[in-house]
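# coords below, sequence missing:
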């Protein structure tokens, strides 16, 4: 896929890790920040956000689920407050949850660990 190629997927011609480009570049930044793949995945009707909306769980439980899925850790009190602020200033919960997941997937912690 174009997304994986942009992020440095090797052609698998040799079995050396040196085949992979490890230096970030502008195309990668633009793909992650503005590419259609991530936004499409966030808005899909069969995705995690839709499942969380259907469960009608309290926001703090939704944020905790997002953090556990992305980072395998619980959010801090400050992170919960930030997520809460994002959802409260969005036009609806769906958009707010999508914005929170977008922010998580574009965070330094997520990008360097995944």
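Thanks, I have it. Since we're looking at a predicted model, the values are computed, not measured.
# all helices for this structure, in order.
Taking DSSP state H, the helices of the chain run over residues 2-6, 26-34, 36-43, 48-55, 59-71, 77-88, 93-105, 108-113.
# dump these to JSON lines, plus mean neighbour count.
Every C-beta, even on glycine, is put in place using the N, C-alpha and C of the backbone. What follows is the helices of the chain, written out as JSON lines (neighbours: other CB atoms under 10 Å):
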{"stretch": "helix 2-6", "mean neighbour count": "13"}
{"stretch": "helix 26-34", "mean neighbour count": "13"}
{"stretch": "helix 36-43", "mean neighbour count": "14"}
{"stretch": "helix 48-55", "mean neighbour count": "14"}
{"stretch": "helix 59-71", "mean neighbour count": "17"}
{"stretch": "helix 77-88", "mean neighbour count": "15"}
{"stretch": "helix 93-105", "mean neighbour count": "19"}
{"stretch": "helix 108-113", "mean neighbour count": "11"}
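# lowest-confidence stretch among those?
If those are sorted by mean pLDDT, helix 2-6 sits at the bottom with a mean of 56.
# look up how far residue 43 lies from residue 76.
Computed as CB to CB, to the nearest Å, the residue 76 to residue 43 distance reads 27 Å.
# how does this protein divide into domains?
The chain breaks down into these structural domains: 1-34, 43-114 (assignment by automatic domain parsing).
# what sits against residue 101?
With contacts defined as CB atoms under 8 Å, 6 or more residues apart in numbering, residue 101 is in contact with 42, 48-49, 66, 70.
# reformat those residues as TSV; add distance to residue 102.
Below are the contacts of residue 101 laid out as TSV (distance: CB to CB, whole Å):
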residue	distance to residue 102
42	6
48	13
49	10
66	11
70	11
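# of all these, which comes closest to residue 85?
Proximity of the contacts of residue 101 to residue 85, judged by CB to CB, is greatest for residue 66, which lies at 14.8 Å.
# what sits against that closest one?
By CB under 8 Å, 6+ apart, residue 66 lies in contact with 48, 52, 75, 83, 97, 100-101, 104.
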